[in-house]
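I would like to see how this sequence folds:
(one chain, ligands or ions: 1)
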Amino acid sequence: MSKTSKKSSGLSSDKNWWRQAAIYQIYPRSFADSNGDGIGDLKGITSRIPYLKSLNLDAVWLSPFYPSALADGGYDVDNYRDVDPKLGTLADFDEMLAGLHKVGIRVFVDIVPNHSSNLHEWFKEAIAAEPGSPARNRYIFRNGRGTNGELPPTDWVSHFAPSAWTHESVMGGKHNQWYMHWFAPEQPDFNWDNPEIEKDFLKTLKFWADRGVDGFRIDVAHALKKDLSEPLRNLNVFEGLDERGNKGKGIFADRDDVFKIYREWRKLFNKYNPPRVAVAEAFVHPERLPLYASTKTLGQCFDFRFIETPFEAGAYRIATQEAIELAAKNKSSCTWTLSNHDQIRHATKMGLNPAVNRRDWMLSNGTSHPLDVEAGIANALAATLYILALPGSTYMYQGEELGLHEVTDIPEKAIQDPQYLRNNKVDKGRDGCRVPLPWTTSGKSFGFGSGGAHLPQPQWFGKYSVEAEEKEPHSPLAIYRKALELRKSLQTKEEIKWHKTKDVSVLHYARPNGWHCITNFRSQSYPMPKGEILISSQPLVDGRIPAGTTVWFKK
Ligand code: BGC
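Residues are numbered from 1 along each chain as shown. As a prediction, this is how the structure comes out:
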């Protein structure tokens, strides 16, 4: 079988397009709302294709748009091969895909293979079925401990609830068993030791690849396989969720047997022309990243280190060097990213004193410590230009091109995120980066749609709207557009060469095509080296680079 992309596309035929691509994450519910119901939808995305084109992107990645009761923002999937009626139809999907392809933008969809939702047909069947039945064997059901099975089977903990086990009676089951979920109770984990699951996900991948989807982002790719041998092992440590030290032999994360699944997926991807691509979301020990990113498995794996690296020259240099060396190990390319739908927006992180405990700051609605709004945006833009000039692909998150800050003061009654609601409210959750985008300076939902917005937008959003920034020649939006356009001619050998600087707060590297990137992280100001300036994240002052600025130049 050899499936070829549709003829009417403006896509390049380069099989390696993904190696140094600019990929923009769309969180569909919060991007653009076409029907005024307050929830972003696929037609909304289609209506904004001219905007996406203007960003000079290679691809977009869509967070889940599948039928879902939204217990976890759509990462609780009821049906993997359909569109949520709140977001549109399969026909809307095809229209959006064709529209994006026509302007040369490829599309990634999000695959959530670790768990379904509790409303998935299979889970409903499992709850109704007998213990030990084939229907229950698609998930992880076990008897409890204690005299009457009243205690969870093991001490496993979940991300969104104290225990990774919920008694089936909560979901209407009548057999006194418990089922396992690494996230919310509405997200039961699949039993990947059951070949039926593997077969069904191959069917899902084929379904979307046949429709013309170019790539897949694989949610919690490290967690599919668990050690389910009896008796189940206890973790015996509260920090059991983090199995980064286990190097292939943990209980429920990053096990060596997960790669058997991805080798099968790779065989499917390679049947298409160009081969479909995939990027793993895997929180694993850095040494393990190449296993997920291997050309024999998924091909790329997010390297999240810049999400937590402080905006500081020494830390950036080490992070850059390590990532380049790791990518070289498996013939993959680097994956740079500063933000996504699970993270506090990086403009905010970079505008806070690094010593501030961000979790507590968020819980105080952003009032416990001052935020330097302007410095945050300046540093964020400098960081963006720094990573965009590096070899590899960059994954960006909607709204960062506007310099958007985190919304910290969402009222408790409006919060949707299970990370807050189910975790004893010890963490404000992730809604603050998922507030619907501002398109216009005013109006009921700042142009997001004709109705309201499913999460409240603050008044200051208007200043950061697309409309406001399109009028400003030095706005974050203008800088993103120009940088991404320039970057198209940076498809050169995946190498960098460090240049010495006279200040430890300044990093300078060059690419083989003669492009240079210099970032002044913290120094008062730094003399601009000789060369033709291509772009600067902030204007130079008297020929010097101010703090929190990156400049690209040519020699
Ligand atoms: C996604 C989250 C989601 C979780 C469970 C992740 O890593 O990015 O948004 O809550 O998987 O599916």
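
got any ranges where the protein has weak pLDDT?
The model of the chain has pLDDT under 70 over residues 1-8, 237-245.

the ligand contacts on that one?
The chain comes close to the ligand at residues Asp72, Gly73, Tyr75, Val112, Phe183, Asp219, Val220, Glu281, His341, Asp342, as judged by Cβ under 6 Å from any ligand atom. Bear in mind the C-beta positions are built from the backbone N, C-alpha and C, glycine included.

tell me how far Pro274 lies from Asn357.
Distance check for Pro274 against Asn357: by Cβ to Cβ, to the nearest Å, it reads 46 Å.

the two - which one has more neighbours?
For Pro274 versus Asn357, the count of surrounding residues by other Cβ atoms under 10 Å is larger for Pro274: 19 against 11.

the residue lying closest to that one once chain neighbours are set aside: what secondary structure?
Nearest residue to Pro274, sequence neighbours excluded (Cβ to Cβ, 6 or more residues apart in numbering): Lys15, at 4.5 Å. Per DSSP: H, G, I helix; E, B strand; the rest coil, the local secondary structure of Lys15 is coil.

what distance do you get for Lys15 to Arg430?
The value you get for Lys15 to Arg430, if Cβ to Cβ is used, is 35 Å.

Phe304 against Thr337, yeah?
Yes: between Phe304 and Thr337 there is a contact at 6.6 Å, judged by Cβ atoms under 8 Å.

ok, back up a step: ok, the residue nearest to Pro274 touching Pro275?
Yes: between Lys15 and Pro275 there is a contact under Cβ under 8 Å: 6.6 Å.

neighbour count for those two, which is higher?
Remark: of Lys15 and Pro275, Pro275 carries more neighbours, 18 against 11, as counted by other Cβ under 10 Å.

how about that one, nearest residue that isn't a chain neighbour?
Phe269 (5.0 Å).

count the neighbours of that neighbour for me.
Phe269, neighbours per other Cβ under 10 Å, totals 20.

could you do the one 3 residues further on as well?
With neighbours defined by other Cβ under 10 Å, the count for Tyr272 comes to 20.

ok, it to the ligand distance?
Look at Tyr272 and the ligand: by Cβ to the nearest ligand atom, to the nearest Å, they are 25 Å apart.

start to end distance for stretch 296-310?
33 Å (Cα to Cα, to the nearest Å).

buried residues in it?
Thr297, Leu298, Gly299, Gln300, Cys301, Phe302, Asp303, Phe304, Arg305, Phe306, Ile307 (16 or more other Cβ atoms under 10 Å).

starting at the chain centroid, how far to it?
10 Å (Cα atoms, centre = their mean, to the nearest Å).

kindly report the same for stretch 112-121.
So, by Cα atoms, centre = their mean, the centroid of stretch 112-121 is 19 Å from its chain's centroid.

next, work out how far apart Pro310 and the ligand are.
23 Å.

same deal with Pro274?
Relative to the ligand, and taking Cβ to the nearest ligand atom, Pro274 is found at 26 Å.

got the contact list for that residue?
By Cβ atoms under 8 Å, 6 or more residues apart in numbering, Pro274 lies in contact with Ser5, Ser13, Asp14, Lys15, Trp17, Asp214.

among these, name the buried ones.
Here, 16+ other Cβ under 10 Å leaves Trp17, Asp214 buried among the contacts of Pro274.

out of the contacts of Pro274, which comes closest to the ligand?
Minimum distance to the ligand across the contacts of Pro274 is 19.9 Å, recorded for Asp214 (Cβ to the nearest ligand atom).

which residue packs closest to the residue in the stretch 251-400 of the chain that the ligand sits nearest to, ignoring adjacent ones?
Proximity of the stretch 251-400 of the chain to the ligand (Cβ to the nearest ligand atom) peaks at Asp342, 4.8 Å away. Closest residue to Asp342 apart from its sequence neighbours, by Cβ to Cβ, 6+ apart: Arg430 at 5.4 Å.

what's the answer for Pro354, then?
Nearest one to Pro354, counting by Cβ to Cβ, 6+ apart, is Pro310 at 5.0 Å.

confirm the one you found sits in a strand?
No: judged by three-state DSSP, Pro310 forms no part of a strand; its state is coil.

now it: phi and psi?
Phi and psi for Pro310, reported as degrees, to the nearest 10, are phi -60, psi 150.

the strands in the stretch 151-300 of the chain, which residues?
165-167, 177-180, 215-218, 272-273, 277-280, 299-301 (DSSP state E, counting those that start in this stretch).

now the fourth one: how far from the chain's centre is it?
Between the centre of strand 272-273 and the centre of its host chain there is 25 Å, according to Cα atoms, centre = their mean.

the fifth one too?
The gap between the average C-alpha position of strand 277-280 and the chain average comes to 12 Å, counting by Cα atoms, centre = their mean.

helices or strands up against that strand?
Identification of packing neighbours for strand 277-280 by 3 or more Cβ pairs under 8 Å, 6 or more residues apart in numbering; DSSP states H and E yields strand 215-218, helix 258-269, strand 299-301.

got the ones you listed as a markdown table, with distance to Trp178 columns?
As requested, the helices and strands packed on strand 277-280 are arranged in a markdown table below (distance: least, Cβ to Cβ, whole Å):
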| stretch | distance to Trp178 |
| --- | --- |
| strand 215-218 | 27 |
| helix 258-269 | 24 |
| strand 299-301 | 32 |
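
so which of the ones you listed is the most surrounded?
strand 299-301 (a mean of 29; mean count of other Cβ atoms under 10 Å).

what packs against that strand?
Packed next to strand 299-301, using 3+ Cβ pairs under 8 Å, 6+ apart, are strand 277-280, helix 289-293.

now those in JSON lines, with mean neighbour count?
Converted to JSON lines, the helices and strands packed on strand 299-301 look like this (neighbours: other Cβ atoms under 10 Å):
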{"stretch": "strand 277-280", "mean neighbour count": "25"}
{"stretch": "helix 289-293", "mean neighbour count": "24"}
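
Thr89: how many residues sit nearby?
15.

quick one: contacts for the closest residue to it other than its chain neighbours?
In space, and not counting its chain neighbours, Thr89 is closest to Val83: 5.6 Å by Cβ to Cβ, 6+ apart. Residues near Val83 by Cβ under 8 Å, 6+ apart: Leu42, Phe65, Tyr66, Pro67, Thr89, Leu90, Asp92, Phe93.

what is the burial count for Tyr386?
For Tyr386, using other Cβ under 10 Å, the count is 24.

next, it: secondary structure please.
Applying three-state DSSP: Tyr386 is helix.

tell me how far it lies from Leu57.
Tyr386 is 19 Å from Leu57, by Cβ to Cβ.

repeat for Pro188
Counting by Cβ to Cβ, the gap from Pro188 to Leu57 is 35 Å.

now Glu532
From Glu532 to Leu57 the distance is 26 Å (Cβ to Cβ).

more neighbours, those two?
The neighbour count for Glu532 versus Leu57, taken as other Cβ under 10 Å, is higher for Leu57 (21 against 9).

the more buried one is in contact with Ile26, isn't it?
No: taking contacts as Cβ under 8 Å, Leu57 lies outside contact range of Ile26: 10.4 Å.

could you pull out the helices for the stretch 201-350 of the chain?
For the stretch 201-350 of the chain, the helices defined by DSSP state H, counting those that start in this stretch occupy 258-269, 289-293, 305-308, 313-329, 346-349.

same thing with the stretch 1-150 of the chain?
42-47, 49-54, 90-102, 121-128.

want to throw the ones you listed into CSV with distance to Ser523 and mean neighbour count?
Compiled in CSV, the helices of the stretch 1-150 of the chain are given as follows (distance: least, Cβ to Cβ, whole Å; neighbours: other Cβ atoms under 10 Å):
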stretch, distance to Ser523, mean neighbour count
helix 42-47, 42, 22
helix 49-54, 34, 16
helix 90-102, 42, 18
helix 121-128, 56, 18
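
okay then, goodbye and thanks.
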